[in-house]
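Q: Fold the stuff below for me.
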Amino acid sequence: MKKILFITFIFSAFSSHAQQAAIKIEGEAQGTTYHITYYDKKNRNLKPEIEKLLLDFDNSVSTYNPNSIISKINSNEKNVKVDKYFVTCFKKAKEVWKDTNGAFDPTVFPLVNMWGFGPGKKEKIEKSKIDSVLKFVGFNLIELKGKKVIKKDKRVSLDFNAFAQGYSVDVVADFLNLKKINSYIVEIGGEVYAKGKKPNGENWIVGIEKPIDNKETENPFKAIAKLENLAIATSGNYRRFSIENGVKYAHHIDPKTGYPTKNNLLSASIFSKECITSDSNATGILVMGLEKAITFLKQHTELQAYLIYSDNNGNYQIYETPEIKSIISEVKEE
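A: Numbers count the residues shown, from 1 in each chain. Below is the predicted model of the structure:
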């Protein structure tokens, strides 16, 4: 399942107080867009190298690429050896699966397809079909031994798209670090990591949208966030959904029931030091719902969160972790 995220990238191409110009590159990758802005004293155009990185990444973990490593594993091709990108995704997925008590589970891929949110064709939903598929959903049914994936059931298939874009942000950030670039912001499909500040001392800024059902255009901002050596990923239920017989079905599938999640948590913005961590936990938190999410966040103080949920009257309410006020500013209603 490719997850569309909900952060709008805000930047100015040039600093008004510094002579050094920002270098801005953008393009398409992973079925979405990317925007990168960085300050480089050598004034290098790094777009070709970055696009090669993103292509190699897709060839590893994109379920939309039939020749990728993950697609070959899902098809049970023999003697498939995984690469560093796949290994990182698998290990992080296993870690978050355990931490979230299974709320985050990449083996939901067959269910994602069944509901029409993946590369496969949507099927007619029947409880008997879902119960049948649930028999081979569970991250305990698959393991990594060296460079090979071992399945306990050949029908098990993986989908890292719930956090792969976040990891791709980290991959690009690592590349920029190797190039000795210390002031940049990387955004891929709405996932963001920013390092340092702009040369004029200003923070990098991103906006968090109001969770209004809207598949096409940008929503007004609910808040803005200042980033410095920090990643943010937002997961919500207002971009990718379907409506059948007047019922809304969000694209986040509960691995325990096989059905799209139903709770009052509308949007989860998670801040951490790595975008892969923010992205994977944002997905798990949205699936588990508000009450379990609050308990989870109190146990994981390495994460900062800005959660938007609806109360019994349908009004927006906010849950914030203790340190979030140093990052987030609410946008005043007009």
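Q: residues in contact with stretch 126-137?
A: 105, 107-108, 110-111, 114, 123, 153, 155-156, 255, 258-259 (C-beta atoms under 8 Å, 6 or more residues apart in numbering). Yep, even glycine has a C-beta here, placed from its N, CA and C like the rest.
Q: Show me what the mean pLDDT comes to for that stretch.
A: The pLDDT scores in stretch 126-137 average 86.
Q: Can you list the buried residues in it?
A: Neighbour-count burial for stretch 126-137, counted by 16 or more other C-beta atoms under 10 Å, picks out 130, 133, 134, 136, 137.
Q: Confirm the fourth one sits in a helix?
A: What it means is residue 136. No: judged by DSSP: H, G, I helix; E, B strand; the rest coil, residue 136 forms no part of a helix; its state is coil.
Q: correct me, but residue 226 touches residue 208?
A: No: counting by C-beta atoms under 8 Å, residue 226 does not reach residue 208; the two are 11.9 Å apart.
Q: Neighbour count for those two, which is higher?
A: Using other C-beta atoms under 10 Å as the criterion, residue 226 and residue 208 rank with residue 208 on top: 24 against 16.
Q: Between the two ends of stretch 209-227, how far is it?
A: Across stretch 209-227, the terminal residues are separated by 16 Å (C-alpha to C-alpha, to the nearest Å).
Q: before we move on, what about stretch 171-184?
A: 14 Å.
Q: Need the residues that contact it.
A: 34, 36-40, 44, 46, 49-50, 53-54, 57, 85, 186, 188, 193-199, 275.
Q: Which among those count as buried?
A: 34, 36-40, 46, 50, 53-54, 57, 85, 186, 188, 193-199, 275.
Q: pretty sure residue 88 is touching residue 164, no?
A: No: counting by C-beta under 8 Å, residue 88 does not reach residue 164; the two are 10.1 Å apart.
Q: who has more neighbours, those two?
A: The neighbour comparison of residue 88 against residue 164 (other C-beta under 10 Å) goes to residue 164, with 31 against 18.
Q: The residue nearest to that one when sequence neighbours are not counted: neighbouring residues, count only.
A: Residue nearest to residue 164 in three dimensions, not counting chain neighbours: residue 61, with 5.1 Å by C-beta to C-beta, 6 or more residues apart in numbering. By other C-beta under 10 Å, 27 other residues sit near residue 61.
Q: Tell me which residues touch residue 61, please.
A: Residue 61 touches 68, 69, 70, 85, 86, 89, 160, 164, 167, counting by C-beta under 8 Å, 6+ apart.
Q: For those residues, which entry has the maximal number of neighbours?
A: residue 164 (31 neighbours).
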